[in-house]
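J.: below: sequence and its predicted model.
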Amino acid sequence: MRIPLPAQAIMMRCFLLIFLLGAATASHAQRSFTISKASARYSAKITAAECTTEQCHGKGTIRLYSKETKQLVQTFTSDDLNFYLDARQQPSVKTVELYGEQSPLLFDDFNFDGTEDLAIRNGNNSSYGGPSYDVYVYASRPRKFIRSAELTALATDNLGMFTVDSKRKRLITFGKGGCCWHMTTEYEVVPGKGLSEVLTIEEDATGGGEKVTVKTRRKINGRWTTTTRSYPLNDYYKD
């Protein structure tokens, strides 16, 4: 029996709609990745709810495995496991770029106790909509990773993830206000007490002209000392 033309048109529209819905779902599909080079002790399988060919975001699950035993160590979740994909359609590893790419998982010894800790991307909730992280430290007594509210705040209230100076045992954050005011802050980790701010460097070029005023505050033996100096703008920022 020949189907009338209007009915054929309706069927074609239905097929087209189904195709478009399928294409949209495929282009924003859940994907999983295995990360094996970010840590000496662990590999991880991460799953993000929505991925395109360039970026993943949305609810995420992270399963951490021991490289030695191949056993599951711990499972984590993220409200927004947000990260970019490289040309090989893989997430970056060990990348922390100010104003740039920051990896979904970061392993380092954040509290300088000799064991690897873990930071997990939780969206873009830091200053200026930059990357933010939940930070977990490894606790040897329960033998698991425990979320640190203090380190998580450090990775949320500043410009992206803090950097780690392992030689000097310092955590370093960066902040800014517009184009011409910048702040660098360094912290020590005091065992049993937490973070202690020990250095701030404030660079202020908001006054106009060709000068930058640099105020340095440094804690020495529990007391703060402050120095303020001005430099020619081009000399100070020549690098």
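T.: Looks like it arrived, so ask away.

J.: where does Ser140 land on pLDDT?
T.: If you check Ser140, the pLDDT there is 89.

J.: ignore the last one, Asp239
T.: pLDDT, Asp239: 67.

J.: now swap in Gly208 and tell me
T.: Reported pLDDT at Gly208 in the predicted model: 77.

J.: neighbours of Lys37, how many?
T.: Other residues within reach of Lys37 by the criterion other C-beta atoms under 10 Å amount to 8. All C-beta atoms are positioned from the backbone trio N, CA, C, and that covers glycine.

J.: so what's it up against?
T.: Val93, Lys94 (C-beta atoms under 8 Å, 6 or more residues apart in numbering).

J.: which of the three states applies to it?
T.: coil (DSSP: H, G, I helix; E, B strand; the rest coil).

J.: give me phi/psi at it?
T.: Backbone torsions for Lys37, taken as degrees, to the nearest 10, come to phi -110, psi 10.

J.: could you do Gly129 as well?
T.: According to degrees, to the nearest 10, Gly129 has phi 70, psi 30.

J.: burial count for it?
T.: 9.

J.: next: Lys67.
T.: Neighbours of Lys67 using other C-beta under 10 Å come to 12.

J.: tell me the contacts of it?
T.: Applying C-beta under 8 Å, 6+ apart to Lys67 gives the contacts Ser36, Ser39, Ala40, Arg41, Tyr42, Ser43.

J.: among these, name the buried ones.
T.: Ser39, Tyr42, Ser43 (16 or more other C-beta atoms under 10 Å).

J.: give me every residue that touches the last one.
T.: Yep, that's Ser43 we're talking about. Thr34, Ile35, Ser36, Leu64, Tyr65, Lys67 are the contacts of Ser43 under C-beta under 8 Å, 6+ apart.

J.: again, 6 Å this time
T.: Ser36, Tyr65, Lys67 (C-beta atoms under 6 Å, 6 or more residues apart in numbering).

J.: then Pro91?
T.: Phe33, Phe83, Pro104.

J.: and for Ser140?
T.: Contacts of Ser140 (C-beta under 6 Å, 6+ apart): none.

J.: quick one, phi/psi of it?
T.: The phi/psi pair for Ser140 (degrees, to the nearest 10) is phi -70, psi -30.

J.: show me where the protein has helices.
T.: 5-27, 149-154, 233-236 (DSSP state H).

J.: where does this protein dip in pLDDT?
T.: 1-27, 239 (pLDDT under 70).

J.: okay, now the domains of it?
T.: Using automatic domain parsing, the domain ranges for the chain come out as 28-159, 162-239.

J.: quick one, which of those domains is packed in tightest?
T.: Compared across those, domain 28-159 shows the largest average neighbour count, a mean of 17 (mean count of other C-beta atoms under 10 Å).

J.: got the end-to-end distance for it?
T.: From its first residue to its last, domain 28-159 covers 28 Å (C-alpha to C-alpha, to the nearest Å).

J.: mind checking which of the contacts of Pro91 are in strands?
T.: Phe33, Phe83 (DSSP state E).

J.: could the contacts of Pro91 be laid out in CSV, adding distance to Lys176?
T.: Shown next, in CSV, are those (distance: C-beta to C-beta, whole Å):
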residue, distance to Lys176
Phe33, 32
Phe83, 23
Pro104, 24
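
J.: nearest to Asp165 among the contacts of Pro91?
T.: When the contacts of Pro91 are compared for distance to Asp165 (C-beta to C-beta), Pro104 wins out at 22.8 Å.

J.: contact partners for that closest one?
T.: Counted by C-beta under 6 Å, 6+ apart, Pro104 has contacts Leu81, Phe83, Pro91, Arg121.

J.: how about Val214?
T.: Glu203, Arg229.

J.: again with His57
T.: So His57 contacts Glu50, Asp80, Asn82 (C-beta under 6 Å, 6+ apart).
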